[in-house]
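K.L.:
Requesting a structural model of the entry that follows:
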Amino acid sequence: MGANWAPGAELTFEKYLRQIVEFSIEHGTIPILVTKADNIKEDFKLNEAIARVAFDYDMPLFNA
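P.N.:
Have a look, this model is predicted:
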C-alpha cells in the first residue's frame, strides 16, 4: 500500500489494511506489518493506523 493518500484519509487506509490482514489470516498467513520510515505527511497518522491494526490482531509489527 502506498503513501499517496489524501490528507485525512488514514481511516480509509486503515480500513483497507484491515481487509488485507483479514484476507491474509483467512488464507493461513500471518502478516508482519511495517511502519513507514518517513513522515512526509508530518502527522504519523498512517503509522498510528498500522500500529493499531497490528495491536488489534495481535500480530508482529516492525517499527521502521
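
K.L.:
show me where the protein has helices.
P.N.:
Under the criterion DSSP state H, the chain contains helices at 10-26, 45-56.

K.L.:
Would you mark the buried spots in the last one?
P.N.:
What that stands for is helix 45-56. Buried residues in helix 45-56, counted by 16 or more other C-beta atoms under 10 Å: Lys45, Leu46, Asn47, Ala49, Ile50, Val53, Ala54. Every C-beta, even on glycine, is put in place using the N, C-alpha and C of the backbone.

K.L.:
what is the mean pLDDT for it?
P.N.:
The pLDDT scores in helix 45-56 average 94.

K.L.:
right, and the helices of the chain - which one's nearest Phe62?
P.N.:
helix 45-56 (9.2 Å; C-beta to C-beta).

K.L.:
what's the angle between that closest one and helix 10-26?
P.N.:
If you take axes from the mean of the first three to the mean of the last three C-alpha atoms, to 10 degrees, helix 45-56 sits at 40 degrees to helix 10-26.

K.L.:
List the contacts of helix 45-56.
P.N.:
Residues from elsewhere that reach helix 45-56, judged by C-beta atoms under 8 Å, 6 or more residues apart in numbering: 3, 5, 10-11, 13-14, 17-18, 21, 33-36, 39, 60-61, 63.
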